[in-house]
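K.L.:
Here is the input, now give the coordinates:
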Amino acid sequence: MKAKFVPLNKNFIDYPIAHRGLHSSTISENSMLAFSQAIEANVAIEIDVHRLSNGNFAVCHDKNLKRVTGEDVLLSTLTKETLNSYKLKDGQSIPLLEDVLSLINGRVPLLVELKPENGFKKCDVEPLLNILYRYNHNDKIALQTFNPFLVRDVKKKTSIFSVGLLCSYDLGKMPKLENYIAKSLKLFNYSKADFISYDINYLPNKYVNKFKSKGTTILTWVVNSNEKLIKAKEVADNIIFENLDTKSILNNNRGDL
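P.N.:
From the prediction side, this is the model:
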């Protein structure tokens, strides 16, 4: 399939996006309760997915459960059944993607991050899309990833969902040249990405400004202070946020972030 431009749906501009749900010191990230809180607050949700050994997708940020459960185990070694043996630090189970979709049921938009650095593979794209195609609210689904090659792979397989390219100035242990290519969005056009999702700590910058001036939609993450929120209103179309009062965000005109 030839990659087709799919503009980011207005749902992802109008609804501020809760990073891993509305979690807190007492509610675990990427948990059903965090997602329920976001739905109640009427904000969009950002999640991370990993494929289990039997083909199901778990919703969790890390490929290893050590940080979120205290148990040193790889998600890729677990099945749907064995996953339930590991509990998040607040006692909740790690949810499956299908369970999250059933919970949300179109009430708020859902932004799904694919993490190849944490084990998401090209061969996982089609099984994931098959799950998302069965969801009856395609206008409230979008995808994003840091890997421009994976963006291109996804774009070749779907003309339904918008796919964004995540980026930052600081991408960890990436070699200097690769980090420059990434932060300067050199592969944005090659990737066929539909939008940019950029680290608020490195905005504004000339690389993003170039694409914004051409009409590319810009999301920014993670907005977790009032100072960053003020900056985000000047440089981005919407925010991926955490640790902010949702009422104060929503009191702003939607779409005027």
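K.L.:
Could you pull up the residues touching Tyr86?
P.N.:
For Tyr86, the contact set (Cβ atoms under 8 Å, 6 or more residues apart in numbering) comprises 65, 69, 71, 73, 78, 94. (Glycine included, C-beta is placed from N, CA and C.)
K.L.:
gap between it and His137?
P.N.:
Going from Tyr86 to His137 by Cβ to Cβ, to the nearest Å gives 29 Å.
K.L.:
hey, what's the one residue sitting closest to the centre of the chain bridged with?
P.N.:
Centroid-nearest residue in the chain, with Cα atoms, centre = their mean: Glu113, separated by 3.6 Å. Counting by DSSP bridges, Glu113 forms beta bridges with Asp48, Gln144.
K.L.:
Quick check, pLDDT for it.
P.N.:
What the model reports as pLDDT for Glu113 is 98.
K.L.:
my read: Asn64 touches Val73, true?
P.N.:
Yes. Counting by Cβ atoms under 8 Å, Asn64 touches Val73, with 6.9 Å between them.
K.L.:
Sort out which residues of the helix or strand bottoming out on mean pLDDT in the chain are buried, please.
P.N.:
Here the helix or strand of the chain ranked lowest by mean pLDDT, DSSP states H and E is helix 246-250, holding a mean of 83. With burial defined by 16 or more other Cβ atoms under 10 Å, the residues of helix 246-250 counted as buried are 246, 249.
K.L.:
packing partners for that helix?
P.N.:
Helix 246-250 sits against helix 32-41, with contacts defined as 3 or more Cβ pairs under 8 Å, 6 or more residues apart in numbering; DSSP states H and E.
K.L.:
can you do 10 Å?
P.N.:
In terms of contacts (3 or more Cβ pairs under 10 Å, 6 or more residues apart in numbering; DSSP states H and E), helix 246-250 is packed against helix 32-41, helix 226-235.
K.L.:
In a markdown table, list those helices along with mean neighbour count, mean pLDDT and distance to Phe188.
P.N.:
Shown next, in a markdown table, are the helices and strands packed on helix 246-250 (neighbours: other Cβ atoms under 10 Å; pLDDT from 0 to 100; distance: least, Cβ to Cβ, whole Å):
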| stretch | mean neighbour count | mean pLDDT | distance to Phe188 |
| --- | --- | --- | --- |
| helix 32-41 | 20 | 98 | 29 |
| helix 226-235 | 15 | 96 | 17 |
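K.L.:
Redo those as TSV? Include distance to Lys121.
P.N.:
Shown next, in TSV, are the helices and strands packed on helix 246-250 (distance: least, Cβ to Cβ, whole Å):
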stretch	distance to Lys121
helix 32-41	25
helix 226-235	32
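K.L.:
Can you check the distance spanned by stretch 231-249, start to finish?
P.N.:
One end of stretch 231-249 to the other measures 13 Å (Cα to Cα, to the nearest Å).
K.L.:
re the thing from before, out of the helices and strands packed on helix 246-250, which is closest to Thr246?
P.N.:
Taking Cβ to Cβ, helix 32-41 is the member of those nearest to Thr246, at 4.3 Å.
K.L.:
so how far is the closest one from its chain's centroid?
P.N.:
Centroid separation for helix 32-41 versus its chain: 16 Å, with Cα atoms, centre = their mean, to the nearest Å.
K.L.:
Just the CA atoms of it, as PDB, please.
P.N.:
Extracted in PDB, the C-alpha atoms of helix 32-41 (Å, rounded to 0.1, in the frame of the first residue of the first chain):
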ATOM      1  CA  MET A  32      -7.500   0.900  34.200                       C
ATOM      2  CA  LEU A  33      -8.100   3.300  37.100                       C
ATOM      3  CA  ALA A  34      -5.800   5.900  35.500                       C
ATOM      4  CA  PHE A  35      -7.800   5.500  32.300                       C
ATOM      5  CA  SER A  36     -11.100   5.700  34.100                       C
ATOM      6  CA  GLN A  37     -10.000   8.900  35.800                       C
ATOM      7  CA  ALA A  38      -9.100  10.400  32.400                       C
ATOM      8  CA  ILE A  39     -12.500   9.400  30.900                       C
ATOM      9  CA  GLU A  40     -14.200  11.000  33.900                       C
ATOM     10  CA  ALA A  41     -12.200  14.200  33.400                       C
END
